[in-house]
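S.K.: Sequence and predicted structure below; questions after.
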Amino acid sequence: MSLTFSSICSMIFFNNIIILFSYFLFKNTKMILKIGVKWFFFLLFLIIIKFILPFEFFFTKTIPIKRILPSIYIFIYKTSFSILNRNIYIIDILLFIWISGFFLKLLKAFFSYIKFYNKIKTYEKVTDKKILNILNDINSGYKNKINFQIIYSDKIESPFIFNVRTPTIIIPHMALSEENWSYILKHEIAHFYHKDLYIKLFIELLTMIYWWNPFIYLLKSQFVNLLEINIDLYITKTLNNDQKLNYLECLLQITQICNKSKNINTINTFYSTKTITLSQRITIILEYIRGINPLLQTITLTLSAIITFFICSFCFIFEPYDIPKEDQNNTFEIIDYSAYYLIDNHNGTYDIFYNSEYIATVNQIFDPNINVY
């Protein structure tokens, strides 16, 4: 198992195709209903596995690429700059940018977390007994329950849960019925007990690592939106049809309140600012009310195609075309033509020099047994 330039390039190629494919699938609400939310999670987890394991394995077969990739490989591995009497190659610069970008993203996230963590300490704690009683009733239904605290903030657009160690539900000042508060708190508490905060944290870390890949942000948005849909279905599966409709009304009511708010926060919450996602959530809940089930045929065909493609991403790797090993002993490579010159020995042979250093003697201009690349 080895990590190479080719293995990373191949991983990015295969993963970006699957992400793009899943993105277009996810935009189609009918496909979500035909495949099912759980199988969409499975698809995205396959992508994450490949991001975590961008390695070349012992069973991996090489696919030689003769165009573009060899030129890229030569450029990043052979092009160098002399800095402080040291040769710095393009690959070194790229790795430095990659690692620096990761640590900058990590530091920015860390300080943002600390800043927000300190800020919420100044927020007003919820003392409304109605809300606290609803919270306790919902929390009592879980095993290994953890104490939650609720605080007010007018700096957010919608309720959300924060912190995996001391979970805090942050809500704006809103006048809602007990039933609607029950739906909102059920939703946020379910996120915690389903380990969604850990999943979001992991996806955020993955985004920091591959910050230079624009497709990773598509994967992140799909995962976050899918978590919201999954919690919607978890909450509504225990409700009767009237209660499910009330849940949808609660979503729409929060939407109206948030649209009037001047304080917009980008955190993905009970209400999503994206109209398409909100429309999907409502449509999916309505279809589940009607009793729709994922289609086995669609699930089988889609997953078969994805799993086959996923296996191929581990079994095959794109490599820049190279000289066959059996021919390498009879070849040499001219990298900088301007530094090479020939001296005629006037006996049918020529000496090849590189920067005044003798390299080889060849017959005529080039020995027919020597291949020049």
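M.R.: Thanks, I have the structure now.

S.K.: Just the buried residues of whatever helix or strand residue 50 lives in, please?
M.R.: Using DSSP states H and E, residue 50 falls within helix 37-52. Within helix 37-52, the residues scored as buried using 16 or more other CB atoms under 10 Å are 37, 39, 40, 43, 44, 46, 47, 48, 50, 51. For the C-beta atoms, the positions are set from N, CA and C on the backbone; glycine is no exception.

S.K.: pLDDT at the closest residue to residue 77 other than its chain neighbours, what is it?
M.R.: Sequence neighbours aside, residue 91 is the residue nearest to residue 77 in space, at 5.5 Å (criterion: CB to CB, 6 or more residues apart in numbering). Residue 91 carries a pLDDT value of 86.

S.K.: how about residue 91, what does it touch?
M.R.: Applying CB atoms under 8 Å, 6 or more residues apart in numbering to residue 91 gives the contacts 5, 76, 77.

S.K.: After the helix or strand where it lies, which helix or strand is next?
M.R.: Per DSSP H and E, residue 91 falls inside helix 90-120. Where DSSP H and E defines the elements, the next helix or strand beyond helix 90-120 is helix 129-139.

S.K.: and the next element down the chain from that next one?
M.R.: Sequence-wise, the next helix or strand downstream of helix 129-139 (DSSP H and E) is strand 149-152.

S.K.: what's that following strand packed up against?
M.R.: Packing contacts for strand 149-152, counted by 3 or more CB pairs under 8 Å, 6 or more residues apart in numbering; DSSP states H and E, involve helix 129-139, strand 168-171.

S.K.: Check which residues of the strand or helix carrying residue 187 are buried.
M.R.: Using DSSP H and E, residue 187 sits in helix 178-193. Within helix 178-193, the residues that count as buried by 16+ other CB under 10 Å are 180-193.

S.K.: how much space between residue 105 and residue 139?
M.R.: To residue 139, residue 105 is 34 Å away according to CB to CB, to the nearest Å.

S.K.: Hmm, residue 61 is touching residue 313, no?
M.R.: No - counting by CB atoms under 8 Å, residue 61 does not reach residue 313; the two are 12.0 Å apart.

S.K.: neighbour count winner among the two?
M.R.: Set residue 61 next to residue 313 and count neighbours by other CB atoms under 10 Å: residue 313 wins out with 23 against 9.

S.K.: so who does that one touch?
M.R.: Per CB under 8 Å, 6+ apart, neighbours of residue 313: 10, 11, 14, 15, 50.

S.K.: same question, residue 152
M.R.: When contacts are counted by CB under 8 Å, 6+ apart, residue 152 touches 123, 124, 125, 126, 170, 171, 172, 173.

S.K.: and which of the buried residues of helix 178-193 is nearest residue 158?
M.R.: Using CB to CB, residue 184 comes nearest to residue 158 of these, at 8.6 Å.

S.K.: Quick one, which of the contacts of residue 91 are buried?
M.R.: Buried among these (16+ other CB under 10 Å): 5, 76.

S.K.: In JSON lines, list the contacts of residue 91 along with distance to residue 118.
M.R.: Formatted as JSON lines, those follow (distance: CB to CB, whole Å):
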{"residue": "5", "distance to residue 118": "43"}
{"residue": "76", "distance to residue 118": "43"}
{"residue": "77", "distance to residue 118": "46"}
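
S.K.: So which of the contacts of residue 91 belong to helices?
M.R.: Among the contacts of residue 91, DSSP state H puts 5, 76, 77 in helices.

S.K.: So the closest residue to the first one other than its chain neighbours versus residue 9, what's the distance?
M.R.: It stands for residue 5. Among residues not flanking residue 5 along the chain, residue 73 sits closest, at 6.7 Å (CB to CB, 6+ apart). Residue 73 is 9 Å from residue 9, where distance means CB to CB.

S.K.: now residue 23
M.R.: Look at residue 23 and residue 9: by CB to CB, they are 21 Å apart.

S.K.: ok, those two, which is more surrounded?
M.R.: Taking neighbours as other CB under 10 Å, residue 23 and residue 9 compare with residue 9 leading, 19 against 14.

S.K.: neighbours of the closest residue to the more buried one other than its chain neighbours, just the number please.
M.R.: In this structure, residue 9 finds its nearest non-sequential neighbour in residue 318, 6.2 Å apart by CB to CB, 6+ apart. Using other CB under 10 Å, residue 318 has 15 neighbouring residues.

S.K.: Just say helix, strand or coil for residue 318.
M.R.: Secondary structure of residue 318, reduced to three states by DSSP: H, G, I helix; E, B strand; the rest coil: strand.

S.K.: what's the helix holding residue 50 packed up against?
M.R.: On a contact count with 3+ CB pairs under 8 Å, 6+ apart, helix 37-52 meets helix 5-27, helix 196-209, helix 215-236, helix 296-315.

S.K.: mind listing what's buried in the third one?
M.R.: Right, the one you point to is helix 215-236. 215-216, 218-232, 234-236.

S.K.: ok so, going back, pLDDT (mean, whole number) over the helix or strand following the helix holding residue 50?
M.R.: Under the assignment DSSP H and E, the closest C-terminal helix or strand after helix 37-52 is strand 61-65. The pLDDT scores in strand 61-65 average 78.
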